[in-house]
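>>> next one to model:
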Amino acid sequence: MSEYNVAILGATGAVGTRLIQQLEQSTIPVKSVKFLASSRSAGKQLKFHNQPVTVEEAKPESFEGVDLVLASAGGDVSKRLLPEAVKRGAVCVDNTSAFRMDPDVPLVVPEVNAEALTRHHGIIANPNCSTIQMVVALEPIRKAFGLKQVIVSTYQAASGAGQQAWNEMNAQAQEHLDGKEMQSTIYPVKGGAKHYPLAFNLLPQIDVFEDDGYTHEEWKMIHETKKIMLDDMDAPDIKVTATCVRVPVGIGHGEAVYFEVANPKEASREKIQKVLAKAPGVVLQDDPDQQLYPQPINAEGKRETFVGRVRGDQENPGNYHMWVVADNLLKGAAWNTVQIAEKLVEKDLVSVTNR
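I've put the predicted structure just below:
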């Protein structure tokens, strides 16, 4: 069996540390591991399988001899460095938005479109965290009953905006409890003209606004869903729209998903529940009598996507509601990235340089 030299780009960040943990627990035979980050983090010591590994500054030459790169260091860094890694023979799985809409780059959720990996040219994109969990829940429904329309409202955790933003929310909560004015420098968008507190608040803005009034996060959910399911970011076959909201939860995105099936005579609440109960990567938690439904606090630290509150729309036959929750730092980021890498190895789509 081949063994792989793996590099983690952005190893010291919130997702990077989870990439290390998920790689440790993965089926990938790791020959060596390299942790890469900015010059500020170079020299730090991290561990892989309890062995110390010194963080190195990420440079083009850092990828010499590397077979597989797992990247989560920001879009600008990925744009600058991942082509350099590909030039040196590596296959890269990128957890930023840098390449997601590139028609030559597969956008992959393994439970949905793993076959797209065979078309890679050195870079595979990991989708947006909110998109990932939604398509994991919707794909088995699409396969069984067809899908015409999706309307989603998200309840996205603070950690989705990064470690600094998460820390700011926690600080704001303490300030509020202490009777002090909450200090806001990041939410809703770090570079925005105005900032608002997230603690004890809801912010109906994630990322910048587009000219049509949608935020870029909402734009991503619309077009990523189409690219993943239909291999075309503008496909008209499924209508998708989104409202994305940041909520004062640390980890775990929630989504209220409303969908219309293409074959309503074949679908029912019970049939949809049965399909979801058997779906890969899905855990059905749906028992109203026992008040059983997905909650972010219970999804934290887990790889699965949790689905509950499945019910038919009483006013519109063929339309259904469901509630979807997942750990945005694991299934929404680190685990989906490593899961893609596992599939690449399984399909023998990573070349190992003779050394």
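
>>> quick one: the strands in the stretch 101-250 of the chain?
123-125, 149-156, 239-246 (DSSP state E, counting those that start in this stretch).

>>> and the ones you listed as a markdown table, adding mean neighbour count and distance to Glu304?
Placement of C-beta: from N, CA and C, glycine included. What follows is these, written out as a markdown table (neighbours: other Cβ atoms under 10 Å; distance: least, Cβ to Cβ, whole Å):
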| stretch | mean neighbour count | distance to Glu304 |
| --- | --- | --- |
| strand 123-125 | 24 | 22 |
| strand 149-156 | 20 | 18 |
| strand 239-246 | 20 | 22 |
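
>>> need the ones you listed in TSV (columns: mean pLDDT and distance to Met229).
Formatted as TSV, those follow (pLDDT from 0 to 100; distance: least, Cβ to Cβ, whole Å):
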stretch	mean pLDDT	distance to Met229
strand 123-125	98	15
strand 149-156	98	10
strand 239-246	98	9
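
>>> who wins for proximity to Met182 among those?
Among the strands of the stretch 101-250 of the chain, the nearest to Met182 by Cβ to Cβ is strand 239-246 (14.6 Å).

>>> ok and the very next helix or strand once past that closest one relative to strand 149-156, angle-wise?
Downstream of strand 239-246, the first helix or strand assigned by DSSP states H and E is strand 253-260. Interaxial angle, strand 253-260 versus strand 149-156 (axes from the mean of the first three to the mean of the last three Cα atoms, to 10 degrees): 170 degrees.

>>> send the alpha carbons of strand 253-260 over as PDB?
Extracted as PDB, the C-alpha positions of strand 253-260 are listed here (Å, rounded to 0.1, in the frame of the first residue of the first chain):
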ATOM      1  CA  HIS A 253     -24.900  25.600  12.000                       C
ATOM      2  CA  GLY A 254     -28.700  25.000  12.000                       C
ATOM      3  CA  GLU A 255     -30.700  25.300   8.800                       C
ATOM      4  CA  ALA A 256     -34.500  25.400   8.200                       C
ATOM      5  CA  VAL A 257     -34.800  23.800   4.800                       C
ATOM      6  CA  TYR A 258     -38.000  24.000   2.800                       C
ATOM      7  CA  PHE A 259     -38.100  21.900  -0.400                       C
ATOM      8  CA  GLU A 260     -40.400  20.900  -3.200                       C
END
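
>>> what helices and strands are in contact with that strand?
Packed against strand 253-260 by the contact rule (3 or more Cβ pairs under 8 Å, 6 or more residues apart in numbering; DSSP states H and E) you find helix 129-145, strand 149-156, strand 319-326.

>>> CA atoms only: put the first one into CSV for me.
Read it as helix 129-145. Coordinates of each C-alpha in helix 129-145 appear next as CSV, following Å, rounded to 0.1, in the frame of the first residue of the first chain:
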residue,chain,number,x,y,z
CYS,A,129,-19.9,24.9,5.4
SER,A,130,-23.6,25.8,5.2
THR,A,131,-23.9,24.3,1.7
ILE,A,132,-22.2,21.0,2.7
GLN,A,133,-24.7,20.0,5.4
MET,A,134,-27.7,21.0,3.3
VAL,A,135,-26.7,18.9,0.3
VAL,A,136,-25.9,15.9,2.4
ALA,A,137,-29.5,16.0,3.7
LEU,A,138,-31.1,16.9,0.3
GLU,A,139,-29.2,14.5,-2.0
PRO,A,140,-30.9,11.3,-0.8
ILE,A,141,-34.3,13.0,-1.2
ARG,A,142,-33.4,14.2,-4.7
LYS,A,143,-32.4,10.7,-5.7
ALA,A,144,-35.6,9.2,-4.3
PHE,A,145,-38.2,11.8,-5.3
